[in-house]
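**Student:** Predicted structure and sequence below. I'll ask about it afterward.
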Amino acid sequence: MIPRVGKGLMVQIRGSWQTMFKRKYLLLTNTLIGGGLMAMGDCLLQNWEIQTKPDRVYDWMRTGRMLVSGLVMGPPMHYWYAWIDKRFVGTTLSTVGKKVLLDQIISSPAMMFGYFVGMEVMEGHSLYDGLEEFKGKFWELYRASTPPRI
C-alpha cells in the first residue's frame, strides 16, 4: 500500500503529466522532451566511453551542447509533425508510408544539417567547418536512420 503522502504526490504527477500533453502545452512539452533526450543520450554515451576508456572524464559542456541542440530542433520538429499529421490523416500502411517517406526525404536531411552545423558553431568552429562536418558524416548517419527496406 502507498503511504498517504506518496499517493497524493502520484496523483499530482499524473495530473501534471496529462496537462503537459494537452494542445496548449504540446510545443513546450515536445521541445523539452527533444532537449532532454539528446542530453540523456549523450550521458549514456559518455558513461559507456568512460567504461571503455577509464582515463576519459565527463564532458558536461558536450552534454550542454546536446541539450541546446535538442531544444533548438524541438519547435521545428513539432510544427513539421503537426503539418504532416494534418496533411496525411490516418494510420493505413499507405498513409504511414507517405509520412515516413516525406520525413526521410525532407526533415531528416534538414535536421542533420542543423545538428552538424550547430554543434560545430557551439564548439567554436566556423559555419564552413560545420558544412564540412555535415558533408563528411551525412550519408553514414542518413543510412543508419533510414528504415530498412522490406
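**Tutor:** Okay, I see it.
**Student:** going forward, measure contacts and count neighbours with C-alpha atoms only.
**Tutor:** OK.
**Student:** Spatially nearest residue to the residue nearest to the spatial centre of the chain, not counting backbone neighbours?
**Tutor:** The centre of the chain sits closest to Gly34, judged by C-alpha atoms, centre = their mean, with a distance of 4.1 Å. Closest residue to Gly34 apart from its sequence neighbours, by C-alpha to C-alpha, 6 or more residues apart in numbering: Gly70 at 4.9 Å.
**Student:** where's that neighbour, which helix or strand?
**Tutor:** Applying DSSP states H and E as the criterion places Gly70 in helix 60-87.
**Student:** picking that back up, now find how far off-centre the strand or helix carrying the residue nearest to the centre of the chain is within its chain.
**Tutor:** Per DSSP H and E: Gly34 is located in helix 26-52. Offset of helix 26-52 from its chain centre (C-alpha atoms, centre = their mean, to the nearest Å): 8 Å.
**Student:** Buried ones in that helix, by neighbour count?
**Tutor:** Neighbour-count burial for helix 26-52, counted by 16 or more other C-alpha atoms under 10 Å, picks out 27-36, 38-39, 42-43, 46-47.
**Student:** what mean pLDDT does it have?
**Tutor:** Mean pLDDT, computed over helix 26-52, is 94.
**Student:** Between helix 60-87 and that helix, find me the angle.
**Tutor:** With axes from the mean of the first three to the mean of the last three C-alpha atoms, to 10 degrees defining the directions, helix 26-52 sits at 140 degrees from helix 60-87.
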